[in-house]
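Participant: need a structure here:
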Amino acid sequence: MRTLEGVNRFKEIRAKSLPSIALDDEIVYSSIIPGQEILQEEILKRFQKKNPNHTETKEIYDENSSSGVRL
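Facilitator: Okay, the predicted model is just below:
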C-alpha cells in the first residue's frame with residue numbers, strides 16, 4: 001500500500017492484513033499467498049459460476065511457467 005488509492009481499496013474490501021487477495025470484491029485469501037495452482041482453480045471456479053453456459057475453452061499460460069489454466 002504505497003498510494004492513497006491502495007489504502008482506500010484496502011479499506012473498501014475490508015481487508016484486515018497484508019497480503020490479502022480479493023476476487024469479485026470478496027476477501028478470498030488473507031495473510032497468505034496461495035500457490036499458483038490453487039489461485040488458478042479459484043479463479044476458474046468463479047469464472048464458471050459467472051458463465052455457466054461458456055463452452056469454449058482456451059489455455060492461458062503464465063509466460064514464466066509451463067502451467068496454464070483453462071477458460
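Participant: Which of the helices or strands spans K49?
Facilitator: Here K49 sits within helix 36-50, counting by DSSP states H and E.
Participant: by contact count, what packs against that helix?
Facilitator: Under the contact criterion of 3 or more C-beta pairs under 8 Å, 6 or more residues apart in numbering; DSSP states H and E, helix 36-50 touches strand 20-23, strand 68-70. In short, each C-beta sits where N, CA and C put it, glycine included.
Participant: Lowest mean pLDDT across those, which one is that?
Facilitator: Out of those, the stretch the model trusts least by mean pLDDT is strand 68-70, with a mean of 56.
Participant: who's in contact with D25?
Facilitator: Applying C-beta atoms under 8 Å, 6 or more residues apart in numbering, we find D25 in contact with I13.
Participant: Now do it against I33, distance only.
Facilitator: Distance of D25 to I33, computed by C-beta to C-beta, to the nearest Å: 19 Å.
Participant: and if you look at M1?
Facilitator: Distance from M1 to I33, by C-beta to C-beta: 16 Å.
Participant: ditto for S17
Facilitator: Applying C-beta to C-beta to S17 and I33 gives a distance of 12 Å.
Participant: Surely D24 touches R46?
Facilitator: Yes: using C-beta atoms under 8 Å, D24 is in contact with R46, at 6.2 Å.
Participant: Looking at these two, which one has more neighbours?
Facilitator: R46 (14 against 8; other C-beta atoms under 10 Å).
Participant: distance of the more buried one from R2?
Facilitator: For R46 relative to R2 (C-beta to C-beta), the value is 27 Å.
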